[in-house]
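J.: here is my input, please return the structure:
(chains A, B and C)
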Amino acid sequence: MAEKRSLGKEFSKGLLIENPVLRLVLGTCPTLATSTSMVNALGMGISVLIVLVCSNTVISLLRKVIPSKVRIPAYIVVIASFVTMVQMLVKAFVPTLNEALGVFLPLIVVNCIILGRAEAFAGKNSVIASAVDGVGMGIGFTMALLCMSTIRELFGNGTLLDGASTSILALFGVTKFNGVDVFAHLPIEPALIFILAPGGFFTFGLLMAFANKIAESKGKSKAELRGCASCPMAASCSLLLSGEKEDVLSKNPRAAVPAINSEEVAK
Amino acid sequence: MKSFKEIVKPALILFAICLVATALLALTNKVTAPKIKASDEKAEADSCSEVLPDAKFFGEAETLKYNGKEYICYEGINDNDEIVGYVFKTSSKGYKGDVTVMTGIGPDGSVTGVAPLNLNETPGLGMNAKKDSFRSQFIGKTGVIGVSKAGHTVENGIDALTGATITSKAVAESINIAIELFGVKTGGVN
Amino acid sequence: MKYYLAIILTAILTENFVLSKFLGICPFLGVSKKLNTAAGMSLAVIFVMAMATAVTYPINKYLLEKNGLEYLQTIVFILVIAALVQLVEIILKKYIPSLYSALGIYLPLITTNCAVLGVVLLNVEKRAADPAFGFGASMFNSIGAGCGFMLAMVMFAGVRSKLESNDIPKFLQGLPITLIAASLVSVSFLGFGGIVDNIFG
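T.: Numbering: from 1, shown residues only, chains lettered A, B, ... in the order given. Coordinates of the predicted model:
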């Protein structure tokens, strides 16, 4: 179905219209946890981008070989291998980033964005389209993380790109640039709470409100957490009634998918 | 044959995917493992020379026991083959897990420099322990170091990081262990 | 005993999985609308976390670490957890249908819940830093983390039921106000910092 759409559209949809964080509400855990500084956010974003592009490509290549019965475990194996590779590379070349991201680096495995894209897109589309989809979604994720982290680092620590040359920029040979201390010459102290957990939720809430406002003015619906529908396991999940499966996983997740109320199914 | 198609074939394919994935991982590990080790060693060597600037070379890592825990110590040697001090790698419990600190101690028993390693505290609070303004307070200190909070100054103390007393205490505690270890090492000179 | 109590309290309060470690945010936001679904989901999470730790701990210690295969941890753990959840689901369905009807529907959702893989990986990390952190400590840490998840879920379900009946500015309706409410709930958990260390020395 998506073969007819142009590659440009596959790429650009991930940036804004279907931004994984602000529109599809996927990958909220790493978004909140690693947006404490711009450097961490950039590192996380790039790691996810690499894993997403690689896994999308490989899964799309293998889509005719993998039997549909075992596709979820097969996808998980592919994704987990790429995550482990990225983790080893980060450990070897940017050890400070590995320290800062900690457990969230291996946890990219369960990042809903990656399994979600594998299930919803790469398993059904051509290799090139899948790779482009991965690039778009990965950049969209990185952009959302950068938005969050710019606000949090600026107001919480009073700096921008603090510690850049000891972390990700060292890869590119930049060793002198260590960020801008914006608040150094201001008579006010930064508000630490932005960097702490509450600040994460708060900033995310405000950004979401902002994204909703823009979406509304463009005549799009609000971002909603669609409960189970956003979960990549939805396809194999016993919670979903058979008729709804297709809708949930269809190319347009904003289509009227009723939020699945677990209770109703339980009855 | 139906059971073959429905059960055995998917299982075999899944198995093949796992096999390929594991092989690739083993390969990546083989390539990156020496690099990871080298970068760990480099980080440690760098912080050794940072905290004990007089030393040009460092001896083999030596394990010292103190209070039932094991710590690592390096001997610092200058160009003339003289011992110019020791670097101790000690740790103590911080806000979010262990805080590991490299402490350089000169021959006279005073601290020549400190560098927190493996610091994974809250950014903007505990992570500020990496800043020079905090670390330089320890230089030249001897004896048991205390932590002063705003409006409550202790003798031979350093100023705690704002809002991160636990991390400050953990760093100071690690350095106190290093000073104790120095005493053990040099036979109670201190 | 004091040691284990300290581990469990740390996991529930100071290192609360949802509100200070940001693990398991999806179910926290998605399934916390009603108190009984929140409680059901949390019970399933506690159960799976404990099972996952019980199974992965020996695998890690006797298979991976012994053979220098630590780099396979992520891939092995996620597959073991996925298989385990399926197995538990089948067993519950067949032999304990009453428990299945209470927890069963949440089980498939938990496979890709980052909190479960997260707790297993954090246990490994803690053991690497402190070799004394053994099987018992890992189990208590996992159960504590699950209980912390439950506490956050149940508290937040209460907050959300209040939100429903309030008049909220239009641009904040829906997810934004939920996140801001979560931010206020997590402020309350900031206050627990250091409390466990001070109680148990």
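J.: near chain A, anything from the lengthiest strand in chain B?
T.: The single longest strand within chain B, with elements called by DSSP state E, is strand B:83-94. No: Strand B:83-94 lies out of reach of chain A by CB under 8 Å from any CB of the partner chain, never closer than 13.6 Å. Just so you know, the C-beta spots here come from the backbone N, C-alpha and C atoms, and that holds for glycine as well.
J.: list the strands paired with that strand, with their directions.
T.: Strands flanking strand B:83-94 in the sheet, each with its direction: strand B:69-77 (antiparallel), strand B:97-105 (antiparallel) (DSSP bridges).
J.: quickly compare those and say which is most buried.
T.: With neighbours taken as mean count of other CB atoms under 10 Å in any protein chain shown, the strands paired with strand B:83-94 reach their highest mean count in strand B:97-105, at a mean of 25.
J.: need the mean per-residue confidence for that one.
T.: Mean pLDDT, computed over strand B:97-105, is 84.
J.: again with stretch C:7-25
T.: Here the mean pLDDT over stretch C:7-25 is 87, rounded to a whole number.
J.: and stretch B:142-157, by the same measure?
T.: The predicted model assigns stretch B:142-157 a mean pLDDT of 77.
J.: on that earlier part again, A:R152 is nearest to which of the strands paired with strand B:83-94?
T.: Nearest to A:R152 among the strands paired with strand B:83-94 is strand B:97-105 (22.1 Å), distances taken as CB to CB.
J.: can you map out the helices along chain C?
T.: For chain C, the helices defined by DSSP state H occupy C:2-9, C:25-30, C:35-58, C:73-95, C:97-103, C:107-110, C:114-129, C:135-164, C:175-190, C:195-200.
J.: got the angle between the longest strand of chain B and helix C:114-129?
T.: Relative orientation of strand B:83-94 with respect to helix C:114-129: 150 degrees, computed using axes from the mean of the first three to the mean of the last three CA atoms, to 10 degrees.
J.: quick check: angle from the helix or strand containing B:T167 to strand B:97-105?
T.: When secondary structure is defined by DSSP states H and E, B:T167 falls within helix B:165-185. Put simply, helix B:165-185 runs at 40 degrees to strand B:97-105, going by the same axes, to 10 degrees.
J.: does at least one residue of helix B:165-185 sit close to chain A?
T.: No: contact between helix B:165-185 and chain A, assessed by CB under 8 Å from any CB, is absent, since the two come no nearer than 13.6 Å.
J.: can I get that helix in CSV, CA atoms only?
T.: Output of helix B:165-185 as CSV, limited to C-alpha atoms (Å, rounded to 0.1, in the frame of the first residue of the first chain):
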residue,chain,number,x,y,z
THR,B,165,25.1,16.7,50.2
ILE,B,166,25.0,12.9,49.7
THR,B,167,27.3,13.0,46.7
SER,B,168,29.6,15.5,48.4
LYS,B,169,29.8,13.2,51.4
ALA,B,170,30.4,10.2,49.3
VAL,B,171,33.3,11.9,47.5
ALA,B,172,34.8,13.1,50.8
GLU,B,173,34.3,9.6,52.3
SER,B,174,36.2,8.0,49.4
ILE,B,175,39.0,10.4,49.8
ASN,B,176,39.2,9.7,53.6
ILE,B,177,39.5,6.0,52.7
ALA,B,178,42.3,6.9,50.4
ILE,B,179,44.1,8.9,53.1
GLU,B,180,43.7,5.9,55.5
LEU,B,181,45.1,3.6,52.8
PHE,B,182,48.0,5.9,52.4
GLY,B,183,48.7,5.5,56.1
VAL,B,184,48.5,1.8,55.8
LYS,B,185,50.7,1.8,52.7
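J.: distance from the chain centre to it, please.
T.: Here the centre of helix B:165-185 is set off from its chain's centre by 12 Å, with CA atoms, centre = their mean, to the nearest Å.
J.: check which residues of it are buried.
T.: Applying a neighbour-count criterion of 16 or more other CB atoms under 10 Å in any protein chain shown, one finds B:165-182, B:185 buried in helix B:165-185.
J.: so which of the residues you listed also contact chain C?
T.: Applying CB under 8 Å from any CB, the subset of the buried residues of helix B:165-185 adjacent to chain C comprises B:I166.
J.: low-confidence ranges in the chain?
T.: Picking chain A for this. Counting by pLDDT under 70, the ranges of chain A that qualify are A:1-5, A:169-170, A:173-175, A:224-267.
J.: could you do chain B instead?
T.: Across chain B, the ranges flagged by pLDDT under 70 are B:1-2, B:96-97, B:118-124, B:150-151, B:163, B:188-190.
J.: give me the number of residues near C:F77?
T.: Residues near C:F77, counting by other CB atoms under 10 Å in any protein chain shown, number 24.
J.: give the contact list for it.
T.: Residues in contact with C:F77, defined by CB atoms under 8 Å, 6 or more residues apart in numbering or on different chains, are C:A52, C:T56, C:N60, C:L117, C:V120, C:L121.
J.: out of these, flag the one nearest to A:Y75.
T.: When these are compared for distance to A:Y75 (CB to CB), C:L117 comes out closest, at 15.2 Å.
J.: any idea how far that closest one is from C:A39?
T.: If you measure C:L117 against C:A39 using CB to CB, to the nearest Å, the figure is 23 Å.
J.: equivalent analysis for C:L99, please.
T.: Using CB to CB, which is the criterion applied here, C:L99 is 14 Å from C:A39.
J.: do C:F133 as well
T.: Here C:F133 is placed at a distance of 30 Å from C:A39 (CB to CB).
J.: please, where are all the strands along the stretch 51-200 of chain A?
T.: A:159-160, A:180-181 (DSSP state E, counting those that start in this stretch).
J.: tell me the most buried of those?
T.: Using mean count of other CB under 10 Å, the stretch among the strands of the stretch 51-200 of chain A with the greatest mean number of neighbours is strand A:159-160 (a mean of 19).
J.: flag every residue of chain A that's near chain B.
T.: Residues of chain A lying close to chain B by CB under 8 Å from any CB are A:36-37, A:40, A:62, A:65-67, A:69-70, A:73-74, A:77-78, A:80-81, A:84-85, A:88-89, A:91-93, A:95, A:99-100, A:102, A:156-157, A:190, A:192, A:195-196.
J.: show me the contacts for whatever residue of the stretch 51-200 of chain A ends up closest to chain C.
T.: Closest approach of the stretch 51-200 of chain A to chain C (CB to the nearest CB) occurs at A:A80, with a separation of 3.9 Å. Applying CB under 8 Å, 6+ apart, one finds that A:A80 lies in contact with A:V109, B:A21, C:T74, C:I75, C:I78, C:L79.
J.: also B:V184?
T.: B:L64, B:Y66.
J.: who does B:V101 bridge with?
T.: B:T90, B:P116.
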